[in-house]
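>>> Coordinates for the following, if possible.
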Amino acid sequence: MTGGDQPAASSPSTGLAPGLTPAWPDRAAWGTAPSLRAWQTAALRDYLARMPRDYLAVATPGAGKTTFALSLAAELIGRRIVDRIIVVAPTEHLKLQWAEAAAKAGIPIDPTYSAGKGKISSDFLGVAVTYAGVAVNPLAMRIRSERFKTLVILDEVHHAGDALSWGEGVREAFQPAARRVALTGTPFRSDINPIPFVTYAPGDDGVPRSVADYTYGYAQALADHVVRPVLFLAYSGEMQWRTRAGDEIVARLGEPLTKDLTSQALRTALDPAGSWIPSVLEAADRRLSEVRRHVPDAGGLVICTDQESARAYAKVLRRISGEAPVVVLSDEKAASKKITGFATSEARWMVAVRMVSEGVDVPRLAVGVYATTTSTPLFFAQAVGRFVRARSRGESASVFVPSVPALLGFASEMEVERDHVLGRKVSDEGDIFAAEKELMAAAEATGTEGEDEGLPFEAIGSEARFDRVLYDGGEFGHAGEVHVGSDEEMDFLGIPGLLEPGQMRELLQQRQSDRAKLQKRATPEPDTIAEVSTHEQLAVLRRELNGLVAAWHHRTGKAHGITHAALRKECGGPAAAVANAEQLHLRIDRIREWAARKSS
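Now for the predicted structure:
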């Protein structure tokens, strides 16, 4: 086999065996193909039946997009349809990860290549670059993709729409490529930048939307036991801060607030000097200890906003767990090595600043803390995707989140699939903290937030309360917040680390039912009918709606999240976790109508 700047003379392909085993290049020297999952086999068959120049595969995080793409690459090389590969990834770390996976698949690629480097060693069949690197010198990449019959793999292709220069660079560099395969595993956002080599078609509203060639969503992957179910544990509490005008504000995290107040309440909660984040980290560590009783190497990850917070949280975790966590900062040269080392160790915790939110493969991650002010559906799905990779039956993921309406909405709609929507500029759809984005970026770059940077407020104090659990589109908990460290909280923190999805749902329902009975016995009957609080009323309505959705699931087989999304589409309003009483009543009436029509 040759490499470098000479076209490869790969061995002729043996074609596809009955089991659809890819014709790996030089199989005897490089190893054997991995066994493919059903969706990977189906997508590979679909591609080989049509042989399109451009192909978009959308698959949920943890489903195995890398294996699919490398299996396809091996087959195309074996058939001499292509003789070189270029992998484009979002980050430097992911370049290394792709190179390691490709090496195991028998396809050596150079992750150190840069546009100005020119030639590569004859030992390589391709290179791995970043989107930013392509944008710097697209002409150099164009020459490479013209000179050879090239397959370009665009990993997490939505990044080609992040900036106009990135999209233009990708289009310029890879227009001559023989084949292009685009991959993504997270919800697309809405903007005005079309993603290169992606097909768009008008939706029901006439607005162009991306069209995937193959889609494998979270709900399907969960049913196939390819990914883990996710248990979201939401924490609220009282926050107190001082504005720049000197006014002191007290508000409860999770209550309906303006965007600015919600932003400031969340930043107060995430302040390491307060009580909220230490309480949540302690609860998360207790949950990790419970999981490790059944999964000894289970690890935890805290996703932070900036470097200062990451270092402060690491000190808190060391005090709580008795073990120093691994701290990963995006500007460190050793960041990739730290992530790889953590992935192969049995260390309890890793604390990172955003860089592990996408594509990073640490299969043993089982407990997460979402401690960042970034609040977009794209980023949230990327972050949660770090915890869903399944290793064995029964493993589940637990993610601790602040009780912020946007985040609770995303958590309750894990199974909803989204396309890339053109025609309206929403650079960070759903991001209630956009006004502070530049400040956060500066803080991450410097690792500090100076006193004279014009901070919009000063955190004074915070306390945490356990709010609720969201699972499989349903909501579990108590009619009101409970104290951290209470028996009510331990009902959920103490859930066994190994449970099938159905067992998890039954256990949550049983524990909630048992707790409700205890509360009823402990509460004396009032002499007069007392007015029901808004919080209690909403809790009752949400439980009724979730019960009807669960019944609909058993009747139709439709996932809870899909049904909730359908109700939202027909009735309007936000996710059930943050809907008002009128909106919940409308959805309850509508699903009862569905059930009545189905019975007739």
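>>> Quick check: end-to-end length of stretch 223-230?
End-to-end span of stretch 223-230 (C-alpha to C-alpha, to the nearest Å): 13 Å.
>>> typo on my end, it should be stretch 213-223
For stretch 213-223, the separation between the terminal residues is 21 Å (C-alpha to C-alpha).
>>> what sits up against it?
39, 42-43, 46-47, 52, 55-60, 62-63, 227-229, 388, 414-415, 417, 501, 559, 561-562 (C-beta atoms under 8 Å, 6 or more residues apart in numbering). C-beta: built from backbone N, CA, C; applies to glycine.
>>> Check which residues of it are buried.
Across stretch 213-223, burial judged by 16 or more other C-beta atoms under 10 Å covers Asp213, Tyr214, Thr215, Tyr216, Gly217, Tyr218, Ala219, Gln220, Ala221, Leu222.
>>> what's around Ala334, how many residues?
For Ala334, the count of nearby residues is 10 (other C-beta atoms under 10 Å).
>>> what's near enough to touch Arg318?
Each residue near Arg318 by C-beta under 8 Å, 6+ apart is listed here: Ala324, Pro325.
>>> What's the ChimeraX line that selects buried ones from the contacts of stretch 213-223?
Entered in ChimeraX, the line below selects the buried ones among these, by 16+ other C-beta under 10 Å:
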select :39,43,47,55,56,57,58,59,60,62,63,227,228,229,388,414,415,417,501,559,561,562
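>>> So which of the contacts of stretch 213-223 are in helices?
Here DSSP state H is the test, and the contacts of stretch 213-223 give Trp39, Ala42, Ala43, Asp46, Tyr47, Pro501, Gly561, Ile562 as lying in helices.
>>> Sheet partners, orientation included, of the helix or strand Gly237 falls within?
Using DSSP states H and E, Gly237 sits within strand 230-243. Counting by DSSP bridges, the strands paired with strand 230-243 are strand 248-253 (antiparallel), strand 397-402 (parallel), strand 457-462 (antiparallel), strand 465-471 (antiparallel).
>>> just to revisit the earlier point, just the ones in helices among the contacts of stretch 213-223 now: which is nearest Leu378?
Distance to Leu378, by C-beta to C-beta, is smallest for Gly561 among the ones in helices among the contacts of stretch 213-223, at 17.2 Å.
>>> any idea how far the closest one is from Ala219?
Gly561 is 7 Å from Ala219, where distance means C-beta to C-beta, to the nearest Å.
>>> Among the buried residues of stretch 213-223, name the ones in strands.
The strands, defined by DSSP state E, take in Tyr214, Thr215, Tyr216 from those.
>>> Per-residue pLDDT of Ser11, please?
pLDDT, Ser11: 35.
>>> ok, now the one 5 residues further on?
Reading off the per-residue confidence, Leu16 sits at a pLDDT of 40.
>>> try Thr60
For Thr60, the pLDDT comes out at 89.
>>> Look up the closest residue to it, ignoring the ones flanking it.
Distance criterion C-beta to C-beta, 6 or more residues apart in numbering; nearest residue to Thr60, sequence neighbours excluded, is Tyr218 at 4.2 Å.
>>> nearest to Ala201, of the strands paired with strand 230-243?
strand 465-471 (33.0 Å).
>>> ok, which stretches of the stretch 51-200 of the chain are helices?
With DSSP state H, counting those that start in this stretch, the ranges of helices along the stretch 51-200 of the chain come out as 65-78, 92-104, 131-136, 138-147, 164-174.
>>> Redo those as a markdown table? Include mean neighbour count, distance to Glu346 and mean pLDDT.
What follows is the helices of the stretch 51-200 of the chain, written out as a markdown table (neighbours: other C-beta atoms under 10 Å; distance: least, C-beta to C-beta, whole Å; pLDDT from 0 to 100):
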| stretch | mean neighbour count | distance to Glu346 | mean pLDDT |
| --- | --- | --- | --- |
| helix 65-78 | 24 | 25 | 95 |
| helix 92-104 | 20 | 21 | 91 |
| helix 131-136 | 21 | 34 | 91 |
| helix 138-147 | 18 | 41 | 92 |
| helix 164-174 | 20 | 38 | 88 |
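>>> Which of those sits closest to Ala324?
For the helices of the stretch 51-200 of the chain, proximity to Ala324 was assessed by C-beta to C-beta; helix 92-104 is nearest, at 21.8 Å.
>>> what's the closest non-adjacent residue to Ala57?
Counting by C-beta to C-beta, 6+ apart, Tyr214 is the residue found nearest to Ala57 once chain neighbours are left out, at 4.9 Å.
>>> just Val250 next, same as before
Once flanking residues are discounted, Val250 sits nearest to Gln240: 4.9 Å by C-beta to C-beta, 6+ apart.
>>> For the one you found, name its beta-bridge partners.
Under the criterion used (DSSP bridges), Gln240 bridges to Val250, Gly461.
>>> and it, how far is that from Ala132?
Taking C-beta to C-beta, one finds Gln240 at 41 Å from Ala132.
>>> now do Gln503
Distance from Gln503 to Ala132, by C-beta to C-beta: 45 Å.
>>> correct me, but Gly561 touches Met414?
Yes - between Gly561 and Met414 there is a contact under C-beta atoms under 8 Å: 5.8 Å.
>>> so what sits against both of these two?
Going by C-beta under 8 Å, 6+ apart, residues that sit against Gly561 and also against Met414 are Gly473.
>>> quick one: Arg209 and Tyr200 touch, right?
Yes - if you go by C-beta under 8 Å, Arg209 and Tyr200 touch, sitting 6.4 Å apart.
>>> Who has more neighbours out of these two?
Set side by side, Arg209 and Tyr200 show more neighbours around Arg209, with 20 against 17, by other C-beta under 10 Å.
>>> Let's verify the more buried one: helix, strand, or coil?
Three-state call for Arg209 (DSSP: H, G, I helix; E, B strand; the rest coil): strand.
>>> For it, give the beta-bridge partners.
Ala201, Val421.
>>> got it, and Ala57?
On the basis of DSSP bridges, Ala57 is bridged to Leu183, Tyr214.
>>> so who does it touch?
Contact analysis of Ala57 by C-beta under 8 Å, 6+ apart lists 43, 65, 68-69, 181-184, 212-216.
>>> cool, and Ala178?
Contacts for Ala178 (C-beta under 8 Å, 6+ apart) come out as Arg53, Ile81, Val82, Lys149, Thr150, Leu151.
>>> In PyMOL, select just the buried ones from those.
Buried subset of those, written as a PyMOL selection, criterion 16+ other C-beta under 10 Å:
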select buried, resi 82+149+150+151
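>>> in the stretch 351-500 of the chain, which spans are helices?
Taking DSSP H, counting those that start in this stretch as the test, the helices found in the stretch 351-500 of the chain are 377-384, 405-412, 437-446, 487-493.
>>> Comparing those helices by mean pLDDT, which bottoms out?
Across the helices of the stretch 351-500 of the chain, helix 437-446 gives the lowest mean pLDDT, at a mean of 39.
>>> residue boundaries of the strands in the stretch 301-450 of the chain?
326-328, 349-352, 365-371, 397-402, 421-422 (DSSP state E, counting those that start in this stretch).
>>> want to throw these into JSON lines with distance to Arg543, mean neighbour count and mean pLDDT?
Supplementary listing: those in JSON lines, determined by distance: least, C-beta to C-beta, whole Å; neighbours: other C-beta atoms under 10 Å; pLDDT from 0 to 100:
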{"stretch": "strand 326-328", "distance to Arg543": "40", "mean neighbour count": "22", "mean pLDDT": "93"}
{"stretch": "strand 349-352", "distance to Arg543": "34", "mean neighbour count": "26", "mean pLDDT": "95"}
{"stretch": "strand 365-371", "distance to Arg543": "24", "mean neighbour count": "26", "mean pLDDT": "96"}
{"stretch": "strand 397-402", "distance to Arg543": "20", "mean neighbour count": "26", "mean pLDDT": "96"}
{"stretch": "strand 421-422", "distance to Arg543": "33", "mean neighbour count": "20", "mean pLDDT": "62"}
